[in-house]
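Chemist: Build me a model:
(3 chains)
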Amino acid sequence: MMQTALHPTPRPASVLREQLRALGLALRAPAAAAAVLAAAMALLITLGIVEEGHRIDFYPELSMLPAIAGFLLPLAVWWGEDRFGPGFLWTLPVDRRRHALTRVCAGWMWLMAGVLCFVLWLLALALLTGGNLVGDQTVRVLPAAMTNVPMALDPAALRTVRWTPDPLLWLVPFTGATGTYLLASALALGVRHPLRWVTGVVLGFFLALGAIEGTKSLGLLKGATRVLNAVFSGPYGIDALLTARTESLHTVATLTSGQTVEVWHALPHTGQWAAATLLWAAAGLAALWAAASRHGERRRG
Amino acid sequence: MLVNLDPRDPRPLYLQIMDEVRRALVVGSLRPEDPLPSVRELASDLAVNPRTVSQAYNELEREGVLYVRRGQGTFVSPDARSGTDERRALGRAVAKRALLDARRNGLDVEELMMIMREVAAEEEGELSPAAPATGHGDEE
Amino acid sequence: MSGMIHADAADGGWAVATHGLVKRYGRETALDGVDLRVPEGAVYVLVGANGAGKSTTLKVLMNLERPDGGSATVLGLDTGADGARVRAQTGYVPERHDVGYRWMTCARLIRHVAAYYPSWDSAYAERMVRAFGLPPGRRVGGLSKGEARRLQLVLALAHRPPLLLLDEPTDGLDPVIRNRALSLLAEHLADSPATVVVSTHHVHEMESLADHVGVLDGGRLVAQMPRDELQRTVRRYRVQVPEGWQAPPELRAAGAVRQRAGREVQWTLVGEEGELTQRLSTAGAQVREVTPLTLEAAALAFLPDEGSR
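Modeler: This next block holds a predicted model:
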């Protein structure tokens, strides 16, 4: 009885293109705010140079800003979408899980564009102020055996090394932002109230910490510290993802001479950073897949 | 052509449309070779399902009242005259409605007919002084 | 490839068919074994009170809600397995008036949705925007209820889908716009034939478009038939009865006594007129008058009497 052929579903490429366009429009406001902020900072720094002759070196791996932006972006990407109700996105003729992942992908592409702008901005600042572009520096490295920095450090124990960061580490802002973006996207898609979850987890974390301290059990405290260290500043911890451990590897020590200097436990290791990044990205992707599957077409189980 | 549909009329809509076309023929507002509104137009005007209009047109075409010129639309057949048959059919419909109403009000046929003649005579009496004016109006 | 699936091959020629559809929200049962059958090309009006399950039924057809039991097919496609393809065949006006993204302008939202339908007819969309007097540059968040509804209609019609699922399409429209919308819908059906399922509690608005009617009551489909059959079989009977007359039980089940004044009783009964008249007179009642009903009144006859609620 029915003669007409069925209408086709849209091609994945055109869905991605449209999501990119729509998200671009949605992100105009935050992007404009970021641009204004960047311009203001550039102005301040330029004024500083004129007055005091400061120079800005180029260490893209040192900035946590892209990672923070990556964590917050899913909020903007999913703003106004009734994810767990009859959201507008779900009424469109695309497989729902694929559609959700397409939008996450479109958001990621904008994130990468934003991070690229940020890195170029840093580069421009370094060029403008005549800063060090390669980022090579002379660093003082603690002996490998020394895990705790003594109150007064004998300068003879320090090794002086000329370190040139691997250019691969220029990718750190991109990978760091990707990692946090994936995790936050999984959160935004996977739970009804992501903000409540984040607040709850942070609160729970501090409560648990307080409780552990309250027990006055040294073993428990040590264990908790070890776990925290592994998650945050361990070889595969969050810091490895976000800054290739440049953040947690160096510390400040007071020498026997009373001078305060910056010392490094070890030099950042590119391979370790790559492994950590892969690990976190894989975890993020798995979480994202699970979160997107909550919105799948078929009922599970 | 004016088509009016009555939502209270229990007859299927396509029959109502067919009757309206026939009525237009009898009254003379539709003549042979006149074009009919397209299915789309009529459906839009009446806000009815176009399939209902098509069904009415198809039936009328089958009865020889209408014919389709390819690419031009639907027209009244050249030999579709407001013949005595059509008039009779219309008259019967009117009579049925009147009878139904009469029975509802507890009148029988004889009573109804008598009163009808009475009223008709009265109306004619009222109209006769103004007859030329109404005659003029009829031609318009 | 598989784009040429024919409905009759898959589900007996029904454009929409559901099989024992069940949907629960917590302890509430929204749908309770609904077997919808919508013939190809029909304008099917789903009637029922608020909360009778009309919107839920349409959402299940869009696979926006997953049923707890039963299944549904749309143009031969299983809604659960093939949701995306089902939605590609469907123009949907949702129950709620918030359309798309508040920060988008009407024109941008139309372009957004257009990207999702290869069959989108932009010229047609523009014509409808003009016919409905929609402000293309206005943000969606600033639209009135009625404007949002009109925009939703444009979005649903402009890709000329073979199926339209309209949930209270005239809700929030003023009478002039409502008539324009209904005319436009009739024109649309003339230009691009489609099956339509309309949910409404204003049946009289759909009076002339409807050719099939389904009545939902508390999640159950209590009646479903072609319009002509509904209007033929549901009529009001005015009967004169002797003092103290009691209706025979089989008639009592067939319809509710609406009014009783002295020795006159008025019923709305479901069945063939001749047969019912005969049965009434055998029972000692004299049929005075049989009145046909409007579509709305006929459909409402299947719902429990307002008085008993």
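Chemist: a strand runs through C:Leu166, doesn't it?
Modeler: Yes. The assignment for C:Leu166 is a strand, going by DSSP: H, G, I helix; E, B strand; the rest coil.
Chemist: Okay, the spatially most central residue of chain A and chain C: tell me how far apart.
Modeler: By CA atoms, centre = their mean, chain A has its centre lying nearest to A:Ala67, at 2.5 Å. With distances taken as CB to the nearest CB, to the nearest Å, A:Ala67 is found 27 Å from chain C. (Glycine included, C-beta is placed from N, CA and C.)
Chemist: With A:Gly219 instead?
Modeler: Distance, A:Gly219 to chain C, by CB to the nearest CB: 46 Å.
Chemist: which of the residues in the helix or strand encompassing that residue are buried?
Modeler: Using DSSP states H and E, A:Gly219 falls within helix A:218-233. Buried positions in helix A:218-233, judged by neighbour count with 16 or more other CB atoms under 10 Å in any protein chain shown: A:Ala224.
Chemist: What is that helix packed up against?
Modeler: For helix A:218-233, the elements it packs on are helix A:194-215, helix A:238-243, helix A:246-249, judged by 3 or more CB pairs under 8 Å, 6 or more residues apart in numbering or on different chains; DSSP states H and E.
Chemist: what is the mean pLDDT for whichever helix or strand comes after the last one?
Modeler: When you say that, I think you mean helix A:246-249. Next helix or strand after helix A:246-249 toward the C-terminus (DSSP H and E): strand A:250-254. For strand A:250-254, mean pLDDT rounds to 81.
Chemist: Give me the distance from strand A:250-254 to the chain's centre.
Modeler: Centroid displacement of strand A:250-254 relative to its chain, using CA atoms, centre = their mean, to the nearest Å, is 25 Å.
Chemist: now the chain, which segments are flagged as low pLDDT?
Modeler: You didn't pick a chain, so chain A it is. Along chain A, segments meeting pLDDT under 70 span A:1-4, A:50, A:53-54, A:60-62, A:299-301.
Chemist: wrong chain, I was asking about chain C
Modeler: In chain C, residues with pLDDT under 70: C:1-12, C:252-258, C:305-309.
Chemist: Indicate the residue of the stretch 1-150 of chain C located nearest to chain B.
Modeler: Of all residues in the stretch 1-150 of chain C, the one sitting closest to chain B is C:Val43 (5.1 Å; CB to the nearest CB).
Chemist: Could you pull out the helices in the chain for me?
Modeler: This is for chain A. Counting by DSSP state H, chain A has helices at residues A:12-26, A:28-52, A:65-77, A:88-91, A:96-129, A:172-190, A:194-215, A:218-233, A:238-243, A:246-249, A:270-293.
Chemist: nope, chain B
Modeler: Counting by DSSP H, chain B has these helices, from start to end: B:13-27, B:39-46, B:50-62, B:84-104, B:109-127, B:131-139.
Chemist: about what we covered before: in JSON lines, list the helices of chain A along with distance to C:Gly141.
Modeler: JSON lines is the format used below for the helices of chain A (distance: least, CB to CB, whole Å):
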{"stretch": "helix A:12-26", "distance to C:Gly141": "13"}
{"stretch": "helix A:28-52", "distance to C:Gly141": "14"}
{"stretch": "helix A:65-77", "distance to C:Gly141": "16"}
{"stretch": "helix A:88-91", "distance to C:Gly141": "13"}
{"stretch": "helix A:96-129", "distance to C:Gly141": "20"}
{"stretch": "helix A:172-190", "distance to C:Gly141": "21"}
{"stretch": "helix A:194-215", "distance to C:Gly141": "22"}
{"stretch": "helix A:218-233", "distance to C:Gly141": "41"}
{"stretch": "helix A:238-243", "distance to C:Gly141": "37"}
{"stretch": "helix A:246-249", "distance to C:Gly141": "42"}
{"stretch": "helix A:270-293", "distance to C:Gly141": "27"}
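Chemist: Out of the ones you listed, which is closest to C:Asp211?
Modeler: Closest approach to C:Asp211 among these (CB to CB): helix A:88-91, 26.5 Å.
Chemist: buried ones in the closest one?
Modeler: Residues A:88-91 are the ones in helix A:88-91 that count as buried (16+ other CB under 10 Å).
Chemist: Name the SS class of C:Val222, please.
Modeler: C:Val222 ends up strand, using three-state DSSP.
Chemist: ugh, typo on my part, it should be C:Ser281
Modeler: helix.
Chemist: Flag every residue of chain B that's near chain C.
Modeler: Contact residues, chain B versus chain C (CB under 8 Å from any CB of the partner chain): B:5, B:7-10, B:12-13, B:38-40, B:43-52, B:103-104.
Chemist: Just give the nearest non-adjacent residue to the residue positioned nearest the centre of chain B, would you?
Modeler: For chain B, the residue nearest the mean C-alpha position is B:Arg23 (2.3 Å; CA atoms, centre = their mean). Nearest non-adjacent residue to B:Arg23, counting by CB to CB, 6 or more residues apart in numbering or on different chains: B:Leu90, 6.2 Å away.
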